[in-house]
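# below are the sequence and a predicted model; questions follow.
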Amino acid sequence: GAVVSQHPSWVICKSGTSVKIECRSLDFQATTMFWYRQFPKQSLMLMATSNEGSKATYEQGVEKDKFLINHASLTLSTLTVTSAHPEDSSFYICSARSRGFGELFFGEGSRLTVL
Amino acid sequence: SQQGEEDPQALSIQEGENATMNCSYKTSINNLQWYRQNSGRGLVHLILIRSNEREKHSGRLRVTLDTSKKSSSLLITASRAADTASYFCATVPYNTDKLIFGTGTRLQVFP
């Protein structure tokens, strides 16, 4: 099946720094990518929808200036957590889909810990 | 935003028993999907059922969908210790392309 790769798989940073997480579709062109956030023992919450070449659409309550999403190519979307704080510590998961309403493929997730 | 609620939140059973998880959702949907997540890992897609389907099987998995009640169930038959994981239903609300997850059920299967 299709593969979506996330990098890094885990990252620890100091409060106030920015962290970039990459999501790559390895064997298909992802016209749409989604970013989710998951706190321990909770479900996945959709943060934003990212379409190649256009601005991301953020879900209600998600700060777009805090979580910068860039979908510059058909195989890469990035999520940058700016000025990270301990409350931003979470598991971030991306998913990617090719044209139309095809199956979503998920990355393995990136665990962010902000000290 | 959260579309679905799952019941029960946690389920513990012995190997060989069947496990049933229920999902209720709020809005009309294009399809409903079930995913599995091992602790701290990514998601594994299990099965997709379209809004015009009522039942679907895949190996030891059986999924039902009742759009009139806005509910779905996932049955895992003859469970194994390796089935221990969290299970999430997820829906694509009608006229959207977003996948919205339910609250999840944590399944523990004891050997």
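Thanks, I have it.
# residues touching A:V62, list them.
In this structure, A:V62 makes contact with A:M47, A:A48, judged by C-beta atoms under 8 Å, 6 or more residues apart in numbering or on different chains. Bear in mind the C-beta positions are built from the backbone N, C-alpha and C, glycine included.
# with the one 4 residues further on instead?
Under the criterion of C-beta under 8 Å, 6+ apart, the contact partners of A:K66 comprise A:V81, A:T82, A:S83, A:D88.
# can you tell me the helix or strand for the closest residue to B:A10 other than its chain neighbours?
For B:A10, the nearest residue in space outside its immediate sequence neighbours is B:R106; the separation is 4.6 Å by C-beta to C-beta, 6 or more residues apart in numbering or on different chains. Secondary structure assignment for B:R106, by DSSP states H and E: strand B:105-110.
# neighbours of A:E87, how many?
9 (other C-beta atoms under 10 Å in any protein chain shown).
# what pLDDT does the model give it?
Model confidence at A:E87, given as pLDDT, is 95.
# wait, a helix at it?
Yes: using DSSP: H, G, I helix; E, B strand; the rest coil, the assignment for A:E87 is a helix.
# quick one: contacts for it?
Contact partners of A:E87, counting by C-beta under 8 Å, 6+ apart, are A:V114.
# in the sheet, who's paired with B:L107?
With beta bridges defined as DSSP bridges, B:L107 has these partners: B:L11, B:A85.
# hang on, isn't it packed against B:S86?
Yes: in this structure, B:L107 sits in contact with B:S86. The criterion is C-beta atoms under 8 Å, and the distance is 7.2 Å.
# related to what we said a few turns ago, who wins on neighbours among the contacts of A:K66?
By neighbour count, taken as other C-beta under 10 Å, the most surrounded of the contacts of A:K66 turns out to be A:V81 (24 neighbours).
# that one touches A:S90, doesn't it?
No: with contact taken as C-beta under 8 Å, A:V81 and A:S90 are classed as non-touching, separated by 9.1 Å.
# what touches both of those two?
Common contacts of A:V81 and A:S90, defined by C-beta under 8 Å, 6+ apart, comprise A:L112.
# circling back to that earlier point, now the strand holding B:R106: buried residues?
B:T105, B:R106, B:L107, B:V109 (16 or more other C-beta atoms under 10 Å in any protein chain shown).
# show me which pair in those is furthest apart.
In terms of C-beta to C-beta, these reach their longest pairwise distance at B:T105 and B:V109, which sit 12.4 Å apart.
# touching chain B at all, stretch A:67-77?
No: figure legend: stretch A:67-77 not in contact with chain B (C-beta under 8 Å from any C-beta of the partner chain); closest approach 14.2 Å.
# now do the SS call for B:M21.
Using three-state DSSP, the structure places B:M21 in strand.
# can you name the residues bridging to the residue most central in space within chain A?
With distances taken as C-alpha atoms, centre = their mean, the residue of chain A nearest its centroid is A:W35 (3.8 Å). Applying DSSP bridges to A:W35 yields these beta-bridge partners: A:A48, A:C94.
# hey, C-alpha coordinates of the host helix or strand of B:L65 in CSV?
Following DSSP H and E, the helix or strand that holds B:L65 is strand B:61-66. Below are the C-alpha coordinates for strand B:61-66, written out as CSV (Å, rounded to 0.1, in the frame of the first residue of the first chain):
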residue,chain,number,x,y,z
LEU,B,61,-13.8,-8.2,11.4
ARG,B,62,-17.5,-7.5,10.8
VAL,B,63,-18.8,-4.0,10.5
THR,B,64,-22.4,-2.9,10.4
LEU,B,65,-23.8,0.5,9.6
ASP,B,66,-27.2,1.9,10.4
